[in-house]
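Trainee: Give me coordinates for this.
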Amino acid sequence: DSYCNDWKGEIPPEVWSIVESSLAILEKETGSIFGGDDSSQSPLLLSVRSGAAISMPGMMDTVLNLGMNDNVVKSLSTKTGNPRF
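Mentor: The predicted model follows:
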C-alpha cells in the first residue's frame, strides 16, 4: 500500500519503461497497434483488472477497451462496416 502512495501521483520511470516494453511485445505478438491512428492496422485494445494481495470479491475494478480513441473508433467502423463503433 505505501509503495504506491510513495509515487505521489506519478508513475516511476522504471515502471513506465516496463509498461512500454510490455506493450511493444503485445503489439508484436498480435500485429496490432495500441492507440494507433493508422486505419490500415488493427487496434490493440486491452482490458485491465486490478489486483489485490487479499481476495475481495466484488471489489475489483476492470477497465475495458483501454486504447480506444476517436481514431480507433473510425478505424473499427470502417473495418467492420458498422458505424455504431
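Trainee: now Arg84, nearest residue through space, not along the chain?
Mentor: Nearest non-adjacent residue to Arg84, counting by Cβ to Cβ, 6 or more residues apart in numbering: Ser77, 7.7 Å away. Every C-beta, even on glycine, is put in place using the N, C-alpha and C of the backbone.
Trainee: Quickly note the distance from that neighbour to Pro83.
Mentor: To Pro83, Ser77 is 5 Å away according to Cβ to Cβ, to the nearest Å.
Trainee: Tell me, what's the model's pLDDT at the residue nearest to Asn69 when sequence neighbours are not counted?
Mentor: Nearest non-adjacent residue to Asn69, counting by Cβ to Cβ, 6+ apart: Gly35, 5.8 Å away. We have a pLDDT of 82 for Gly35.
Trainee: can you give me the strands for this protein?
Mentor: Remark: strands assigned in the chain by DSSP state E are 32-34, 42-44, 46-49, 62-66.
Trainee: closest one to Asp6 among these?
Mentor: strand 46-49 (21.6 Å; Cβ to Cβ).
Trainee: what mean pLDDT would you report for the closest one?
Mentor: Throughout strand 46-49, pLDDT has a mean value of 86.
Trainee: Using PDB, write out every CA atom in that strand.
Mentor: In PDB, the C-alpha atoms belonging to strand 46-49 read as follows (Å, rounded to 0.1, in the frame of the first residue of the first chain):
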ATOM      1  CA  LEU A  46      -6.800  -4.000 -23.600                       C
ATOM      2  CA  SER A  47      -8.800  -4.900 -20.500                       C
ATOM      3  CA  VAL A  48      -7.100  -4.200 -17.200                       C
ATOM      4  CA  ARG A  49      -8.000  -5.800 -14.000                       C
END
